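S.K.: Could you work out the structure for the sequence below:
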Amino acid sequence: MEYCGGVKGVKVGTAEMLDNTPPISSYRVLDISSIRNIVYSANGMTLRKASGIGPGRHLNYSNLVIPINMRLTESFEP
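M.R.: Numbering: from 1, shown residues only. This next block holds a predicted model:
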């Protein structure tokens, strides 16, 4: 990520896809039909239909049920 100075604060890792993992199904968010803006925080993310308009819908990471379909092979740390 060093091309043209890279992206500040980005850490890169390498992962491999695992075999025989269930597909990730779609996830519906109440009152949001399309997502145009995502604000990430330490414990979750806030989704909005438009950038910076309204409070949005906050989703805690702990409430998301997503099957693990990859394994980290090279750390994000240098």
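S.K.: all contacts plus neighbour counts: C-alpha atoms, from now on.
M.R.: Will do.
S.K.: residues touching the nearest residue to residue 34 once chain neighbours are set aside, list them.
M.R.: Counting by Cα to Cα, 6 or more residues apart in numbering, the nearest residue to residue 34 once its immediate chain neighbours are dropped is residue 49, at 5.9 Å. Contact analysis of residue 49 by Cα atoms under 8 Å, 6 or more residues apart in numbering lists 32, 33, 34, 35, 36, 37, 56.
S.K.: hey, where'd the strands end up in this structure?
M.R.: 14-17, 37-40, 44-48, 57-60, 70-74 (DSSP state E).
S.K.: tell me the mean pLDDT over the last one?
M.R.: The average pLDDT for strand 70-74 rounds to 85.
S.K.: cool, and the second one?
M.R.: Averaging pLDDT along strand 37-40 gives 87.
S.K.: Next: the first one.
M.R.: For strand 14-17, the mean per-residue pLDDT is 88.
S.K.: Could you list the alpha-carbon positions for it in PDB?
M.R.: What follows is strand 14-17 as a C-alpha-only set of coordinates in PDB (Å, rounded to 0.1, in the frame of the first residue of the first chain):
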ATOM      1  CA  THR A  14      -3.200 -12.000   3.700                       C
ATOM      2  CA  ALA A  15      -5.900 -14.600   4.000                       C
ATOM      3  CA  GLU A  16      -6.900 -17.800   2.300                       C
ATOM      4  CA  MET A  17     -10.500 -18.900   1.600                       C
END
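S.K.: Cheers, nothing more for now.
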